[in-house]
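Asks: What shape does this take:
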Amino acid sequence: MNIEKIYSSLPEIDSFLRIEIEFDQVPQVLPNYKACPEYCICLYGMTEETVDNYLKCIEETAEQYIWTICETIKEGTFWDLECKPILLFENKESLDIFLDFANVLDESSFCEFISELQLDYNEPWSHVQMIKHEMVCEILDHYEGRYCDE
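Replies: Model (predicted):
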């Protein structure tokens with residue numbers, strides 16, 4: 001299953017961030033960071049404004065993490081920090097329809113699908129667009145043939 005956890009309220013900030021540091025140094029460099037295994041964050045039952053305002057807090061936390069990483073690791077050590085794709089659904093029914101499609105994809109197709117979806121509907125770090133029922137139907141119509149006929 002690709003999406004196992006959905007949220008009806010905003011999860012902890014760390015849930016939105018994916019951090020990698022060469023040689024698995026994340027626990028040593030950021031001991032308070034709580035990694036969350038989800039590839040993307042699926043939300044429902046809240047407004048775009050609520051999520052967009054929370055993105056400001058996520059960005060501030062990410063900046064603090066970047067500062068700590070840069071101060072702590074050796075120069076030349078590979079590291080990466082990114083905000084996971086955030087999908088905000090109008091209601092649980094629309095999310096359930098989306099999940100029925102997303103959870104049958106193999107891992108590679110799912111990751112590609114979510115990345116394309118994020119590029120089509122969201123601007124990382126700045127805005128999350130509400131995905132309404134009609135949009136879920138459009139998304140499935142657009143992507144179903146590409147990922148289900150393989």
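Asks: mean confidence score for the lengthiest helix in the chain?
Replies: Using DSSP state H, we find that the single longest helix of the chain is helix 48-72. Mean per-residue pLDDT for helix 48-72: 95.
Asks: which helices and strands sit right next to it?
Replies: Where contact means 3 or more Cβ pairs under 8 Å, 6 or more residues apart in numbering; DSSP states H and E, helix 48-72 is packed against strand 17-21, helix 26-29, strand 79-83, strand 86-89. C-beta: built from backbone N, CA, C; applies to glycine.
Asks: want to throw those into CSV with mean neighbour count, distance to E71 and mean pLDDT?
Replies: Shown next, in CSV, are these (neighbours: other Cβ atoms under 10 Å; distance: least, Cβ to Cβ, whole Å; pLDDT from 0 to 100):
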stretch, mean neighbour count, distance to E71, mean pLDDT
strand 17-21, 17, 13, 96
helix 26-29, 14, 9, 95
strand 79-83, 15, 12, 94
strand 86-89, 23, 28, 92
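Asks: I'd say T50 and L10 touch.
Replies: Yes. Counting by Cβ atoms under 8 Å, T50 sits close enough to L10 to count as a contact (7.3 Å).
Asks: isn't L17 right up against D80?
Replies: No. No contact is recorded between L17 and D80 when judged using Cβ under 8 Å, the distance being 10.6 Å.
Asks: how deep is the nearest residue to L99 once chain neighbours are set aside tucked in, by neighbour count?
Replies: In this structure, L99 finds its nearest non-sequential neighbour in I3, 5.7 Å apart by Cβ to Cβ, 6 or more residues apart in numbering. Close neighbours of I3, defined as other Cβ atoms under 10 Å, add up to 18.
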